[in-house]
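J.: From the sequence below, what's the structure:
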Amino acid sequence: RLNDGSEIIGRVLRSDAARDVALVEIDRSLAGALPLRTGLPNRAETVYAVGSPDDTGLAGTITRGIVSQVRTDERGLDWIQADVDIHPGSSGGPLLDADGNVLGIAAWARVDPGGATRGLNFFVPIGDALEALGIRLVNLNVVDPIDPNADLEVDFDHVRLGAIVVPLPPSLLQMSGAGL
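T.: Model (predicted):
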């Protein structure tokens, strides 16, 4: 759902349950581009989270904080821990650095029984999300892969807020059954 209340219909092309991320195809004219920063942030680096807290009418809320730490869980997955406030409904929103580069994707926050956040908020590093989806960013046009499970190469000009928008080649559309 967009800030104006309209909704976008998307189609999941790839997903990864362990990272809880997906590659969703949408009309690419609907979102502005933001650059990605695939490296991990520095401790105490200023960050901004963009989200839409549930049932508040506050879509597009921006909060500011710092990176507390990059943590690795028992499965070996990295998480960016930050005190930048996020709330239920903000999952999937971008974590930005001070230059507006996407560093991560909002995943979860620790909340008390009353629903108040505790400043313990966790984000999937964008580089990990791309890797989990088999996406490799390059400064080239999208290649025409033969295998639908092969890595996709994505032109930075087609990276959009909240989704990686890829102009799919006809052979991949045919293999995916999109029928476009």
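J.: element containing the most centrally placed residue in the chain, please.
T.: Centroid check for the chain by Cα atoms, centre = their mean gives Ile105 as the closest residue, at 4.2 Å. For Ile105, the host element (DSSP states H and E) is strand 102-111.
J.: Could you identify the helix or strand that succeeds that strand?
T.: Following strand 102-111 toward the C-terminus (DSSP H and E): strand 117-125.
J.: any idea of the mean pLDDT in that next one?
T.: Averaged over strand 117-125, pLDDT sits at 88.
J.: Could you do stretch 81-88 as well?
T.: Computed over stretch 81-88, the mean pLDDT rounds to 88.
J.: begin at 144 from here
T.: Taking 144 as the first residue, the last one we looked at is stretch 224-231.
J.: first to last residue in it, what's the distance?
T.: Taking Cα to Cα, to the nearest Å, stretch 224-231 runs 16 Å from one end to the other.
J.: so where does the nearest residue to Leu183 once chain neighbours are set aside fall, helix or strand?
T.: Taking Cβ to Cβ, 6 or more residues apart in numbering, and ignoring the residues beside it in sequence, Leu183 has Val213 as its nearest neighbour in space, at 5.2 Å. Placement of C-beta: from N, CA and C, glycine included. Assigning secondary structure by DSSP H and E places Val213 in strand 204-215.
J.: Any idea how far apart the tips of stretch 195-212 sit?
T.: End to end - Cα to Cα - stretch 195-212 spans 24 Å.
J.: What are the contacting residues of it?
T.: Contact with stretch 195-212 is made by 144-146, 184-194, 223-233, 236, 262, 264, as judged by Cβ atoms under 8 Å, 6 or more residues apart in numbering.
J.: Buried ones only from the residues you listed, please, as a ChimeraX command.
T.: Selection of buried members from those for ChimeraX, criterion 16 or more other Cβ atoms under 10 Å:
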select :184,190,191,192,193,194,223,224,225,226,227,228,229,230,232,233,236,264
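J.: Out of the contacts of stretch 195-212, which sit inside strands?
T.: When DSSP state E is applied, those are split such that 189-194, 223-225, 262, 264 fall in strands.
J.: residue ranges of the helices in the protein, please?
T.: Under the criterion DSSP state H, the chain carries helices at the ranges 269-275, 313-319.
J.: Worst mean pLDDT among these?
T.: Mean pLDDT values for those show the minimum at helix 313-319, a mean of 38.
J.: picking that back up, may I see the buried residues of the strand holding Val213?
T.: 204, 206, 208, 210-211, 213.
J.: Thanks again, I'm all set now.
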